[in-house]
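Engineer: Return atomic coordinates for the entry below.
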Amino acid sequence: MTIPVVSSPAKQSQSPFICSSTSQYTFCAPQTQGGYYVAIPENQPVQNDVSRIISWFGNQPLTPQLVENPPAGVGPYNNARVYDVTGFIPKIVSTRNGTRDDVVGPNCYQTSLTAAGYNELAGRYVHTDEFRYYLKRDFTQVYCPKASFGSIVVYDTYIIPYDAGDHAAFHLLGSLIFQKGGWQNYYPYEIATIDGAMQALDSHWRPAPEDRFGGPQSSGLNPADYDFVCYDKRSAPLERHTSSTIRDREWFLPLFEYYSKRLGDISNYTWSHFKEKRIQLLTIENMWRVLGDFRDRIDNIGIMDSLLAMDDVISEQYLELESLSWQYDVMTQAYDPRKNRWQMEDLYRERYVVFDEHFYEELKLYLKLLKVPETKWENVIKRFVEKIRSYDPVQFSQSGGAAGIPYLDVLKETIAQN
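Structural biologist: Next comes the predicted model:
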């Protein structure tokens, strides 16, 4: 399903630009940093240039600027009229093209959606469920040669409509896309041809540190196995009936918001900061419990239909927390690998419960949600802390019961006793 082009120079060419031509224009994007240009053949009416360029970019309220001396590499027409269209390009594309992240986490799904205008996703990991939700809610499948500027392109070895596939990219003009590989920070933000995206990703692959000697010597990815499908943004929201329960709004939503903020605060940490400020394990287990309880509530079978039938704010907040939870896991793998049982035991004892301001903030949130009168808070908090201090998290997690301290059960028991 390849978009036909007149010319599409290879990404690895010496030109400072990568260009793609159609019968109406050539669109040129810089290989790293720089301006973006549209070149129109001289045999086309000049009076239509501005209106046509604006329509190609989705009718944004901007005006392309005619360039008297185009930079080398923009073409290929002789005597073409060249317009600077950098202002039409999403900020993440124009500022991040050719760069790499300092942190781990941001991935292909986040990159494609952020470029498409979902700025609240910027700078963090986006899980497949979150990507599928926005794709199914806000986009409609189109024939790729007719895909608009701002379309989402999904790559997979076997195309399933509205599935996340193995990779996603942001469609520019002609046959060019903007993409990032996986959550690893060695994948750059880059522009490639629509049918060369997977080959570009494969060229950046590198073995994990523990596999440098004797591990896999290739990614195992075969770009030729991949097909792609395109999705345009819907002109109007998907018609559907949404509703949620009181428990969704009054219990799950505040907890989603709290844990999302906690995880969001560390999502841009580098190795040294993460080592110093990683979240205590009790909070992480509490977050896992909330996510698990909500999954039980919506049922993992047909999860997307369940989420699309709920109020957007609750579904979006759940999916944000799910994605941030995944990012925390990959940050832990990348920044603080534990290789044996004894290191894990040390981690549990050092990081399981830290009685800091975050511990008390979380505890007070639960007291509020459980509707405990504030007059009882001081005594409940005191008794609860005494009980938590009595646990050895390592021994408790190996006792055959549920892993970790049953935080909510202990809290409810303490409330009942006071």
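Engineer: ok now stretch 111-122, how far from the chain's centre?
Structural biologist: Here stretch 111-122 is found 8 Å from its chain centre; the criterion is C-alpha atoms, centre = their mean, to the nearest Å.
Engineer: can you pull the buried residues of it?
Structural biologist: Neighbour-count burial for stretch 111-122, counted by 16 or more other C-beta atoms under 10 Å, picks out T111, S112, L113, T114, A115, A116, Y118, L121. Every residue, glycine included, has its C-beta placed from N, CA and C.
Engineer: In TSV, list these along with pLDDT and secondary structure.
Structural biologist: Formatted as TSV, those follow (pLDDT from 0 to 100; DSSP: H, G, I helix; E, B strand; the rest coil):
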residue	pLDDT	secondary structure
T111	98	helix
S112	98	helix
L113	98	helix
T114	97	helix
A115	97	helix
A116	96	coil
Y118	96	coil
L121	95	helix
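Engineer: TSV please, covering those and showing distance to T332.
Structural biologist: Converted to TSV, the buried residues of stretch 111-122 look like this (distance: C-beta to C-beta, whole Å):
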residue	distance to T332
T111	22
S112	25
L113	24
T114	24
A115	28
A116	29
Y118	26
L121	21
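Engineer: Identify, from the residues you listed, the entry nearest to Y83.
Structural biologist: Nearest to Y83, judged by C-beta to C-beta, of the buried residues of stretch 111-122 is A115 at 20.9 Å.
Engineer: Show me the helices in the stretch 301-418 of the chain, by range?
Structural biologist: In the stretch 301-418 of the chain, the helices defined using DSSP state H, counting those that start in this stretch lie at 303-308, 312-335, 341-351, 357-369, 374-389, 393-397, 407-416.
Engineer: Compare those and give me the one nearest D293.
Structural biologist: helix 407-416 (9.5 Å).
Engineer: so where's the stretch 251-400 of the chain uncertain?
Structural biologist: Along the stretch 251-400 of the chain, segments meeting pLDDT under 70 span 300-301, 337-342, 396-400.
Engineer: now with 50?
Structural biologist: 400 (pLDDT under 50).
Engineer: Please apply the same query to the stretch 51-200 of the chain.
Structural biologist: Using pLDDT under 50, the stretch 51-200 of the chain has no residue that qualifies.
Engineer: which stretches of it form helices?
Structural biologist: Using DSSP H, counting those that start in this stretch, helices in the stretch 51-200 of the chain cover 91-96, 108-115, 128-138, 197-204.
Engineer: elements contacting the first one?
Structural biologist: Read that as helix 91-96. helix 108-115 (3 or more C-beta pairs under 8 Å, 6 or more residues apart in numbering; DSSP states H and E).
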